[in-house]
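Chemist: take this sequence and fold it.
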Amino acid sequence: MANGNNGNSPAPGSPFVVGRPLRPDEKIFGREEAFQFIAEQLADFSSVNIVGERRLGKTSLLNHLLAHPQQYLKVPPDAVLVVARVDLQGGVTDAARFYGTTLLELLSHLPAESAAAIRFAPLRERLEQTPEADYDEFAGVLRQLHAAKAPQLRPVLMLDEFERLLDRKDEHAFPYPGFFDGIRSIMGTAESLALVVASRRPLAEYFADPQRPGSLTSSFPTYFVPFQLEPLDEAAAHALLLQPSDHTLTIAEATQAQAWAKGHPCHLQAAGAAFYEAKVRSRRASWVRSRFEELKGQNCMVSPIVTARPLVGEREKSVARSIFWTGPMRVGKVVWKAGDKLGEVAAWITGFVFVLLVVLCLLGVVSRGAVVTMLLKSVGLSPEGVVPTATATATPLPSPTVEPTAAPEPTPTRHSLKGAQ
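Modeler: Okay, the predicted model is just below:
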């Protein structure tokens, strides 16, 4: 692999991040529009729903917003955005834990030495021991924070993996839709809280499920302005792939990596990492694609490409063909040996029915007599005209002698006798 180092002696090590979201100190690419949109909405204290598939960069976006609010957000005059984040996978098991953890995070981000920080210090200490609160306490504290003056406090809560709150197995922990309607009341009526929520689908879709009671009557999603997170454009993708390192990718390598990744941030990181590893380990170009697929499948929620194995092998096909086609065809032709030349379809149907009847007889589903009767009827014989097996050896009765020239006289009927009179 060619070494694209430009001689600037950058820090050794791969600049590509695979298997986790970006940390606040790691460069994020191509999300300027998302940052601007969120900043504009929060300036009006409006809530935002960031929508994007898995590993598209939602968590990385929130990491940077939380760590650098002054850089990315527009702070209103005479106001302070109190930005906090709750990890819904970090022990938030029910509504009480959600309220308590949210209050603890918000109180921890209050300006130092502010009147609100001093007033709520005892509550913060209590929540540090047990992060639980009920809805009334949660709503009351948020109203007091919003009513604070000099400076005015604007609580902003960031939630990632919002689907966690909508999991049906946890519906008793986060009652649906009452839990969400309670938060909506705080957001709308009192304007005491703004949310930045990341989800894989728009919130409106989650709250339009007719199988959930009361879903169509909840107005919770109407309080969010959606923003669809897209794959990176060509310029951002190239900037990500051409990050300086001790083994910087060449333009050709970056172009190839972008063709594989299609602008998906996680795929781009995996492709860049594959090229970087190939340079370090002196691997051939053919190895890079295989390594990219491996990293993508492991870290980007994408199954690796595998060759599908046929569900039925040739041997199984041969056995099945003998049982369900060749065998019934032959048996059918034997059964219909009366001399009629039947088509293959009729012979196959007859043979298959015969085989099926034998199997049902052996299994005891139908009686042997019923099978014999059906088979006799199928070849045009009447079951009543068959001599029983027990009398098959009896001497047959002699056939009556019939004169060749004499015709039997018809039996006189009532109508013929009347006519003769």
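Chemist: against which helices or strands is the top helix by length along the chain packed?
Modeler: For the chain, the helix with the greatest residue count under DSSP state H is helix 344-362. Applying 3 or more CB pairs under 8 Å, 6 or more residues apart in numbering; DSSP states H and E, one finds that helix 344-362 contacts helix 327-335, helix 368-378. From N, CA and C alone the C-beta is placed, and that goes for glycine too.
Chemist: what's the least confident stretch among these?
Modeler: Ranked by mean pLDDT, the helices and strands packed on helix 344-362 bottom out at helix 327-335, with a mean of 64.
Chemist: run a quick neighbour tally on residue 97.
Modeler: Counted by other CB atoms under 10 Å, the residues lying close to residue 97 total 18.
Chemist: in this structure it contacts residue 91, no?
Modeler: Yes: if you go by CB atoms under 8 Å, residue 97 and residue 91 touch, sitting 6.7 Å apart.
Chemist: if we can go back for a sec, buried residues of the longest helix of the chain, list them for me.
Modeler: Residues of helix 344-362 classed as buried: 347-348, 350-355, 357, 361 (neighbour count, 16 or more other CB atoms under 10 Å).
Chemist: same deal with stretch 185-205?
Modeler: Buried-residue list, stretch 185-205, by 16+ other CB under 10 Å: 185-187, 192-199, 202-203.
Chemist: distance between the ends of that stretch?
Modeler: End-to-end distance for stretch 185-205, by CA to CA, to the nearest Å: 20 Å.
Chemist: so that it lines up with my notes, have the first residue be 50 from now on.
Modeler: Sure thing, new numbering starts at 50, so read that last one as stretch 234-254.
Chemist: could I get the average pLDDT for that stretch?
Modeler: For stretch 234-254, the mean pLDDT works out to 90.
Chemist: run the chain-centre distance for it.
Modeler: Mean-position distance between stretch 234-254 and its chain equals 24 Å (CA atoms, centre = their mean, to the nearest Å).
Chemist: what of stretch 288-308?
Modeler: With CA atoms, centre = their mean, you get 32 Å for stretch 288-308.
Chemist: ditto for stretch 103-119
Modeler: 24 Å.
Chemist: list the buried residues in it.
Modeler: With burial defined by 16+ other CB under 10 Å, the residues of stretch 103-119 counted as buried are 104-115, 118.
Chemist: contacts for it, please.
Modeler: Contact with stretch 103-119 is made by 70-74, 77, 80, 83-84, 87, 99, 101, 121-122, 124, 130, 132-134, 207, 209, 245, 247, 249, 278, 280, 313-315, 348-350, as judged by CB atoms under 8 Å, 6 or more residues apart in numbering.
Chemist: end to end on that stretch, go ahead and measure it.
Modeler: Span of stretch 103-119 from end to end, CA to CA: 27 Å.
Chemist: ditto for stretch 271-290
Modeler: With CA to CA applied, stretch 271-290 spans 38 Å between its terminal residues.
Chemist: same check, this time on stretch 236-248
Modeler: 19 Å.
Chemist: follow-up on the earlier one: of the buried residues of helix 393-411, which is the nearest to residue 165?
Modeler: Proximity of the buried residues of helix 393-411 to residue 165 (CB to CB) peaks at residue 401, which lies at 83.5 Å.
Chemist: tell me the spacing between that closest one and residue 417.
Modeler: Separation of residue 401 from residue 417 (CB to CB, to the nearest Å): 20 Å.
Chemist: now residue 409
Modeler: Residue 409 is 10 Å from residue 417, by CB to CB.
Chemist: picking up where we left off before, give me the lowest-pLDDT entry from the buried residues of stretch 103-119.
Modeler: Taken together, the buried residues of stretch 103-119 show their lowest pLDDT at residue 118, with 88.
Chemist: look up how far residue 307 lies from that residue.
Modeler: According to CB to CB, residue 118 stands 32 Å off from residue 307.
Chemist: pull the residues that contact stretch 214-223.
Modeler: Contact with stretch 214-223 is made by 137, 142-144, 147, 208, 213, 225, 228-229, 255, as judged by CB under 8 Å, 6+ apart.
Chemist: ugh, wrong one, stretch 67-84
Modeler: 66, 99, 106, 108-110, 112-117, 121, 276, 278, 281-282, 284-286, 288-289, 292, 314-315, 318-319, 322, 344, 347-348.
Chemist: next, give phi and psi for residue 134.
Modeler: Dihedral pair for residue 134: phi -140, psi 140, per degrees, to the nearest 10.
Chemist: pLDDT wise, what is it at?
Modeler: pLDDT at residue 134 comes out at 95.
Chemist: got it, and residue 302?
Modeler: In this model, residue 302 carries a pLDDT of 97.
Chemist: now for it, how many residues are close by?
Modeler: Neighbours of residue 302 (other CB under 10 Å): 24.
Chemist: now the one 4 residues further on
Modeler: Residues lying near residue 306 (other CB under 10 Å) number 27.
Chemist: right, and it touches residue 317 too?
Modeler: Yes: Residue 306 is within contact range of residue 317, at 6.8 Å (criterion: CB under 8 Å).
Chemist: show me where this structure dips below the pLDDT cut-off.
Modeler: 50-60, 238-239, 261-266, 351-396, 413-415, 419-420, 423-470 (pLDDT under 70).
Chemist: quick one, domains of it?
Modeler: Domain ranges of the chain: 81-277, 283-348, 365-430, per automatic domain parsing.
Chemist: I'd like these as a markdown table, with distance to residue 62 appended.
Modeler: Below are the domains of the chain laid out as a markdown table (distance: least, CB to CB, whole Å):
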| stretch | distance to residue 62 |
| --- | --- |
| domain 81-277 | 19 |
| domain 283-348 | 7 |
| domain 365-430 | 53 |
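Chemist: ranking those by burial, who's on top?
Modeler: Mean neighbour counts were compared across the domains of the chain using mean count of other CB atoms under 10 Å; the top stretch is domain 283-348, at a mean of 19.
Chemist: pull up the distance across that domain, start to finish.
Modeler: 22 Å.
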